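K.L.:
pasting a predicted model and its sequence here:
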Amino acid sequence: MTERDDLQRTILPIPDRRPTTVTTFDAKDPDTQFPPIRPLRPPAGAPNVLVILLDDVGFGASSAFGGPIAMPNAERLAASGLRYTRFHTTAMCSPTRAALLSGRNHQTVGMGGITEMATSAPGTTSIRPNTCAPLAEILKLNGFSTAQFGKCHEVPVWETGPTGPFDHWPSPGGGFEYFYGFLGAETNQYYPAIYENTIPIEPEKTPEEGYHFMADMTEKAIGWIQTEKAMTPDKPFFVYFAPGATHAPHHVPKEWADKYKGAFDDGWDALRERTFARQKELGIVPEGTDLTPRDPVMPAWADMPEELLPVLRRQAEVYAGYLEYADHYVGELLDALEQLDILDDTLIYYIIGDNGASPEGTLNGTFSEIISINYRADIETPEFLASKIDDLGGPDAYNHYALGWAHAFCTPLQWTKQIASHWGGTRNATIVHWPARIAEGGALREQFTHVIDVAATVLEAVGVPEPSTVNGVTQEPLHGTSMLYTFDDPAAPERHETQYFELLGNRGIYHKGWSAVTLHRYPGLPGITQLTTGFDDDRWELYDGASDWSQAHDVSAEHPERLAELQRLFLLQADRYNVFPLDDRKAERLNATIAGRPELITGTTQTLFPAMRRLAENTVLNIKNRSFSVTAQVTIPDRGVTGTIVAQGGRFGGWALYTVENTLCFCYNVLGVDWYRTRAGRPLPPGTHQVRSEFDYDGGGLGKGGTVTLYVDGEAVGSGRVEATHPFIFSGDETTDVGAETATTVSGDYDARGSRFTGAIAWVRLDVGDDSHDHLVDPEHAYHIALLRQ
């Protein structure tokens, strides 16, 4: 058990104590005595802490909770730990992660949505206030070693560039002494955009050499823990292990997907029935629970086109393989703890999903979600998807499954990710493992719990009090309730009695077993006609959790007074925790000026230099839907030149100004489907030259084509056509790079390792014309795009 000590730990950093002994003149004096220097440590007996957070996994996916996907390491932890069947998140990644890491509700820490939709309203700034120090900072200042591995989607978008500031990055600002992972919603698992602390780095291997980020981050986490325990065995650690799995792209080695051949042949409706039966058999859902109906906006399996069914089945096989693959590497991490003989003395949270399963793969699924984000569903015909079936899961795809699978993986609940009103968006399977403290291994816990409870639980477990001040700033009290009371008594009355939910206008309130909810918006998907009611006209539903675990039976008509009581309670909670104003604006939230957030790049020109790489899309001048030019001053050696001058994007869409065999080239890659290359008619001569590509936009709408002209020292040397362009986004993870391309290449004329420019670059300048067509963006489309990026 953790023991309290005599250190004052409520003010952090812990104030240094000056020795009160008498000072002597000569150190050789026998009376010269000072207490030995003692490194800061947590209270004696404090366990290590490991928080594992998977991405986009629905309640009904994992075998540990009755799902169809084998997760032997989740089952391994559950066998000697506790399974929580009513643990909740916020329905979206950034808000859940901000709440988890701070112990406060997501709007209180400014994360009322994803960072890309931040506004100046206090609940949606994407800026964690300094009154809400994160758990990692609290533990670090109490003597823990701290490290984060994997995904971080909590950095304000205007702070993601190479100049920071880094106050909201995991290290140093988030309290983690070490970070190895990526920023944003997602990354290519074969070619990830990795940072080590704040420095961008590239993987040491290629996919052909066996590289996958899940394996890489696990190896780095194991190495870090081994080093910590070898050097400072008496110092506990806090590790936050947050894979990109299973967010899109669903990338997994083929042999893992093939394990599920035929497992989903009967479709998503039959899968829901099978999963529900298994959940009842295991006792995951209580007696009397009903399977919720499928909403009419979701297609039935029987209504899907026959020619599409093989692709749909493969989508589920790939996803299942991906989730099992992620669990396999969680097992590698657990094995390392066991080999160090610290597994049983490590408090482990295994949170299987930061929200419900993702509906963002559209109604039919997608070969590349960049296609759907850019509203080019016309490309992904059944014939096109069928032609790509063997690529799904591999480096040549950026795939996501169909909405129907997302709903099935949330069995038995209504809805999915994005829908904070219903449990399908917010209820996530969770396991807590700590044999040194949990006596009843293998049991279930049914108390209502929430992601904000993790921080309070950890602090109580390690014997560290909640601080009153951190770095001189008075702290907002934690909002969560410690779950430690549930470890000993399965029948203990639940202590987290009230919890609000709100995201994108979908909202709800839980109070003492009852839940009142209202669906304001469907998931942002092409093909779904959105709800258009105002907030005051939203229809509220009421559910009695004592008899209706899954929210299958709306009893609002039978209990109008109870509904009104909970609606008032929602207003009180929302006012207390920064929820207001409710904000369902669409295109306005993508416009930084209207939204009120800083914008890193403004104006019509931007100059880049050779050292500038890994520039996220929102840190570079927007050249979409308008004319633009790219100019560079380069020096060509006598031997000739090859490589990239500047590129934005990668394999699944973007543009590049580059050279091949000493010849200037421009490529516009449309969605990884069509490559339009323009090549100069003669080679570049040795010496210093100004090279330029000009793109003359056709106009007439969004995503239209244009004419490319190449120049060397002002003289036209080549021209070509681009028949279509990206209207909205090039990539969710690929970046702008000068002098070489990171990850994958736009043109495909060479790989990233061969993309380094073999001459010299002095500067590169981007200029955009005044013929922007962005004002034609449909607000509903803009909203969908933002949601698909999260």
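P.N.:
On my side now, so go ahead. Numbers count the residues shown, from 1 in each chain.

K.L.:
any stretches of the stretch 601-750 of the chain with poor pLDDT?
P.N.:
Within the stretch 601-750 of the chain, no stretch falls below the threshold (pLDDT under 70).

K.L.:
now do the strands in it.
P.N.:
For the stretch 601-750 of the chain, applying DSSP state E, counting those that start in this stretch gives strands covering 605-608, 628-636, 643-650, 653-660, 663-670, 674-679, 687-697, 706-712, 715-722, 736-738.

K.L.:
let's have these in CSV, adding distance to I69 and mean neighbour count.
P.N.:
To be clear about C-beta, it is placed using only N, CA and C from the backbone, and glycine gets the same treatment. Below are the strands of the stretch 601-750 of the chain laid out as CSV (distance: least, Cβ to Cβ, whole Å; neighbours: other Cβ atoms under 10 Å):
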stretch, distance to I69, mean neighbour count
strand 605-608, 44, 16
strand 628-636, 45, 20
strand 643-650, 30, 26
strand 653-660, 30, 26
strand 663-670, 34, 25
strand 674-679, 35, 17
strand 687-697, 46, 19
strand 706-712, 46, 19
strand 715-722, 42, 16
strand 736-738, 37, 25
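
K.L.:
can you add distance to E317 and give those back as TSV?
P.N.:
Shown next, in TSV, are the strands of the stretch 601-750 of the chain (distance: least, Cβ to Cβ, whole Å):
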stretch	distance to E317
strand 605-608	42
strand 628-636	42
strand 643-650	26
strand 653-660	26
strand 663-670	28
strand 674-679	28
strand 687-697	41
strand 706-712	40
strand 715-722	36
strand 736-738	34
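
K.L.:
what's the closest of these to Y211?
P.N.:
Counting by Cβ to Cβ, Y211 lies closest to strand 643-650 out of these; the figure is 15.7 Å.

K.L.:
and the nearest residue to Q418 once chain neighbours are set aside, how many residues sit next to it?
P.N.:
Distances taken as Cβ to Cβ, 6 or more residues apart in numbering put P523 closest to Q418, at 4.7 Å, once the chain neighbours are dropped. Here the number of neighbours of P523 (other Cβ atoms under 10 Å) works out to 25.

K.L.:
just to revisit the earlier point, and the strands of the stretch 601-750 of the chain: which comes nearest F570?
P.N.:
For the strands of the stretch 601-750 of the chain, the distance to F570 is smallest for strand 653-660, at 41.6 Å, taking Cβ to Cβ.

K.L.:
which elements pack onto the longest helix seen in the chain?
P.N.:
If you go by DSSP state H, the chain has its longest helix at helix 309-339. The elements that helix 309-339 packs onto, with contact taken as 3 or more Cβ pairs under 8 Å, 6 or more residues apart in numbering; DSSP states H and E, are strand 48-53, helix 72-79, helix 213-231, helix 254-258, helix 267-282, helix 382-387, helix 403-408.

K.L.:
list the buried residues in the shortest one.
P.N.:
Read that as helix 254-258. Of the residues in helix 254-258, those buried under the neighbour-count criterion (16 or more other Cβ atoms under 10 Å) are W256, A257.

K.L.:
repeat that for the second one.
P.N.:
Of all the residues in helix 72-79, those buried under the rule 16+ other Cβ under 10 Å are N73, A74, E75, R76, L77, A78.

K.L.:
for that helix, what is the average pLDDT?
P.N.:
Across helix 72-79, pLDDT averages out at 98.

K.L.:
what angle do it and strand 48-53 make?
P.N.:
In terms of direction (axes from the mean of the first three to the mean of the last three Cα atoms, to 10 degrees), helix 72-79 departs from strand 48-53 by 130 degrees.

K.L.:
the longest one now?
P.N.:
Using the same axes, to 10 degrees, one finds that helix 213-231 and strand 48-53 are set 170 degrees apart in direction.

K.L.:
neighbouring contacts of helix 213-231?
P.N.:
Residues outside helix 213-231 that contact it (Cβ atoms under 8 Å, 6 or more residues apart in numbering) are 145, 147, 149-150, 178, 180-182, 187, 189-190, 192, 194, 203, 235, 237, 239, 241, 243-245, 325-326, 329-330, 332-333, 336-337, 340, 342.

K.L.:
show me which of those are buried.
P.N.:
Buried, going by 16+ other Cβ under 10 Å: 145, 147, 149-150, 178, 180-182, 187, 189-190, 192, 194, 203, 235, 237, 239, 241, 243-245, 325-326, 329-330, 333, 336-337, 340, 342, out of the contacts of helix 213-231.

K.L.:
just the ones in helices from those residues, please.
P.N.:
Judged by DSSP H, helices contain the following of the buried ones among the contacts of helix 213-231: Y325, A326, Y329, V330, L333, A336, L337.

K.L.:
okay, the second one: pLDDT?
P.N.:
According to the per-residue confidence, A326 scores 98 in pLDDT.

K.L.:
what do you get for the fourth one?
P.N.:
Among the per-residue scores, V330 shows a pLDDT of 98.

K.L.:
from P36, how far out is it?
P.N.:
Going from V330 to P36 by Cβ to Cβ, to the nearest Å gives 40 Å.

K.L.:
same thing with the second one?
P.N.:
Applying Cβ to Cβ, one obtains 46 Å for the distance of A326 from P36.

K.L.:
same deal with the third one?
P.N.:
Applying Cβ to Cβ, the value for Y329 to P36 is 42 Å.

K.L.:
related to what we said a few turns ago, let me have the buried residues of helix 72-79 in JSON lines, extended by distance to N506.
P.N.:
What follows is the buried residues of helix 72-79, written out as JSON lines (distance: Cβ to Cβ, whole Å):
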{"residue": "N73", "distance to N506": "33"}
{"residue": "A74", "distance to N506": "28"}
{"residue": "E75", "distance to N506": "33"}
{"residue": "R76", "distance to N506": "35"}
{"residue": "L77", "distance to N506": "32"}
{"residue": "A78", "distance to N506": "31"}
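
K.L.:
nearest to R17, of those?
P.N.:
Distances from R17 to those, taken as Cβ to Cβ, are shortest for L77 (40.8 Å).

K.L.:
how near is that closest one to A595?
P.N.:
Distance from L77 to A595, counting by Cβ to Cβ: 41 Å.

K.L.:
alright, that wraps it up for me.
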